[in-house]
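K.L.:
Sequence first, predicted coordinates after that:
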Amino acid sequence: MSKMQLDGPRQVDLYASHEAIHARQVSGFFSHLRLAIRWGGFAALLILPWLSWNGDPLLRLDLPARQFHVFGFTFFPQDFMLVSWLLIIGAFALFTFTNWLGRVWCGYACFQSVWFSLFMDLERWVEGSRNRRVRLADTSWNGEKIRLRITKWALWSVLAAATGVSIMGLFVPIEGLLADVVTGSLTGWTAFWLGFFTFVTYVMGGIMREQVCLYMCPYARFQSAMFDPDTLIVSYDAGRGEPRQAKKRGAEAGGDCVDCSLCVQVCPTGIDIRDGLQYECISCAHCIDACDGVMDKLGKPRGLIRYTTEHELAGQPSKTFRPRLLGYAAVLLVMIGAVAVATVQRVPLELQVLRDRGSLFERVEGPAGEALIENVYTLRIVNKDKAPRTLVLRVPDLPGSRLEGATRFDVAGQEVRTEVVRLLAPVPTARNQEIHFELTDPRDDTLTLARESRFLAPGQTP
């Protein structure tokens with residue numbers, strides 16, 4: 001009779017050779033849900049580069065143009081703070097859902113776990129059931145094994161290449177990319193990154209698979225810091241299942257666990273959920289579907305392995321709304337609201353003023369022979385809107401000054417314009433004076449940008 005290994009220290013050989021995991025196929029609610037998510041996610045990735053919104057790509061990170069099109073919004077490098085906040089929101093969302101639902105991200109939405117499941121689906125389709133795959137792995141190389149492996153590797157390569165092309169389609173126009181692939185006219189960097197994404201997808205999804213989750217992913221190591229006794233986790237009910245023993249339908253003696261090991265055979269990371277909570281568990285719930293099927297055949301209630309909490313397993317009430325979870329959720333909602341407001345209300349213009357560092361100032365003679373001081377500035381104007389704008393530039397706080405060069409700009413939609421202007425003024429008293437460049441849209445008086453700069457001069461002698 002086997003006994004459940006309780007949580008506690010475990011001896012792990014860090015230098016043990018890797019043993020391939022041949023997960024058994026399982027049918028059930030959670031398995032069907034994951035199947036729909038992984039193939040639906042792959043289909044979404046294939047379609048996403050082709051979608052557009054009001055003439056712009058729905059999602060495109062256009063690095064050469066320094067424009068980032070995200071679901072109808074166009075962001076520029078000047079909007080990097082919003083991107084930072086989005087990353088922070090993603091982190092707090094992970095904290096919130098982990099504290100509430102455990103590792104549902106790993107089990108259902110993580111790119112790695114979803115994609116290595118796709119590779120496992122193709123492997124199962126080519127090589128057959130778990131038992132056939134195990135026998136094939138132990139068989140010496142022969143014609144049949146070579147044929148099956150080459151077929152599998154070819155399908156893996158197609159999947160990896162399709163993934164690589166779709167990812168590259170989020171950075172460059174997908175139509176031109178496919179045309180370049182077909183004609184073999186890819187540029188050096190495009191070919192490099194396309195090969196990189198394809199290679200990484202193939203290695204991490206087809207070869208390393210669960211090893212990425214076990215050894216490379218940091219989330220598996222610090223997830224326990226976000227757990228509490230009310231966190232929903234996949235657990236084995238030892239009180240109901242022990243002692244384990246084989247039994248027939250309707251038998252009452254012993255625990256409900258018949259030690260069939262199906263929960264181990266279906267696990268994509270190769271663990272035994274009956275050993276307690278383990279960092280290797282990605283909460284995919286395949287073991288739940290397998291165990292529920294066995295319980296149905298034995299006429300026993302489902303739920304020997306189920307989503308539950310430590311408090312529930314101990315016979316104590318679980319709390320859904322608890323201070324830690326509410327705190328995470330409150331911070332998350334506040335940040336989402338703040339970023340949404342900032343995104344909607346952001347000023348559609350950006351102005352940068354850079355003073356020429358090549359010279360401090362220059363003395364020039366005005367039209368009437370008066371002495372003037374000249375400073376040179378480089379303006380960077382960004383129109384974040386799709387509509388063109390006519391903008392007027394002025395410097396209101398330097399008496400007697402005038403701008404030489406363009407002061408009225410016709411800026412196209414989403415254009416980044418660089419202009420050089422000269423500011424001339426009578427010799428001021430101060431050697432270093434604060435000034436402001438104002439950029440205004442005459443059609444919208446509320447749209448005015450002011451940027452601080454400095455006007456350098458020799459100063460007047462007393």
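P.N.:
All right, it came through fine.
K.L.:
tell me which residues of stretch 166-174 are tucked away?
P.N.:
For stretch 166-174, a neighbour-count test (16 or more other Cβ atoms under 10 Å) marks Ser166, Ile167, Met168, Gly169, Leu170, Phe171, Val172, Ile174 as buried. (Glycine included, C-beta is placed from N, CA and C.)
K.L.:
Need the max-distance pair from the residues you listed.
P.N.:
Ser166 and Val172 (11.7 Å; Cβ to Cβ).
K.L.:
Sort out for me which of the buried residues of stretch 166-174 are in helices.
P.N.:
Per DSSP state H, helices hold the following members of those: Ser166, Ile167, Met168, Ile174.
K.L.:
Tell me the secondary structure of Glu452, please.
P.N.:
strand (DSSP: H, G, I helix; E, B strand; the rest coil).
K.L.:
wait, doesn't it sit right on Glu438?
P.N.:
No: if you go by Cβ atoms under 8 Å, Glu452 and Glu438 don't touch, sitting 10.8 Å apart.
K.L.:
Tell me which of the two has more neighbours.
P.N.:
Glu438 (15 against 9; other Cβ atoms under 10 Å).
K.L.:
The more buried one falls within a strand, correct?
P.N.:
Yes: assessed by three-state DSSP, Glu438 belongs to a strand.
K.L.:
how far away is it from Glu415?
P.N.:
Distance of Glu438 to Glu415, given as Cβ to Cβ, to the nearest Å: 20 Å.
K.L.:
Equivalent analysis for Val200, please.
P.N.:
36 Å.
K.L.:
Asp259 too?
P.N.:
Distance of Asp259 to Glu415, given as Cβ to Cβ: 70 Å.
K.L.:
again, but for Trp85
P.N.:
On the measure of Cβ to Cβ, Trp85 and Glu415 end up 26 Å apart.
K.L.:
ok, now Phe68?
P.N.:
Per Cβ to Cβ, Phe68 is found 16 Å from Glu415.
K.L.:
The two - which one has more neighbours?
P.N.:
Phe68 (19 against 15).
K.L.:
Run through the bridge partners of that one.
P.N.:
With DSSP bridges applied, Phe68 shows beta-bridge pairing to Leu61, Phe75.
K.L.:
Any regions of the stretch 251-400 of the chain where pLDDT drops low?
P.N.:
Residue ranges of the stretch 251-400 of the chain with pLDDT under 70: 251-253.
K.L.:
quick one: contacts for the residue lying closest to Thr98 once chain neighbours are set aside?
P.N.:
Take Thr98 and drop its neighbours on the chain: the residue closest to it by Cβ to Cβ, 6 or more residues apart in numbering is Met226, 4.5 Å away. Residues near Met226 by Cβ atoms under 8 Å, 6 or more residues apart in numbering: Phe95, Thr98, Asn99.
K.L.:
What separation is there between Met226 and Gly107?
P.N.:
From Met226 across to Gly107, the span is 15 Å (Cβ to Cβ).
K.L.:
Could you do Gln78 as well?
P.N.:
For Gln78 relative to Gly107 (Cβ to Cβ), the value is 38 Å.
K.L.:
higher neighbour count, the two?
P.N.:
Regarding Gln78 and Gly107, a neighbour count based on other Cβ under 10 Å identifies Gly107 as having more, with 23 against 17.
K.L.:
Domain boundaries for this protein, per the record?
P.N.:
Per the record, the chain has its domains at 1-7+14-346, 349-456, by automatic domain parsing.
K.L.:
The shortest one: end-to-end distance?
P.N.:
With Cα to Cα, to the nearest Å applied, domain 349-456 spans 27 Å between its terminal residues.
K.L.:
what distance separates that domain from the middle of the whole chain?
P.N.:
Relative to the chain's own centre, domain 349-456 is displaced by 40 Å; criterion: Cα atoms, centre = their mean, to the nearest Å.
K.L.:
repeat for the first one
P.N.:
With Cα atoms, centre = their mean as the basis, domain 1-7+14-346 stands 13 Å off its chain's centre.
K.L.:
what's near enough to touch the residue nearest to Gly169 when sequence neighbours are not counted?
P.N.:
Nearest residue to Gly169, sequence neighbours excluded (Cβ to Cβ, 6+ apart): Pro49, at 2.9 Å. By Cβ under 8 Å, 6+ apart, Pro49 lies in contact with Pro57, Leu59, Arg60, Ser166, Gly169, Leu170, Ile174.
K.L.:
Mind doing that once more with 6 Å?
P.N.:
Shown in contact with Pro49 (Cβ atoms under 6 Å, 6 or more residues apart in numbering): Ser166, Gly169, Leu170, Ile174.
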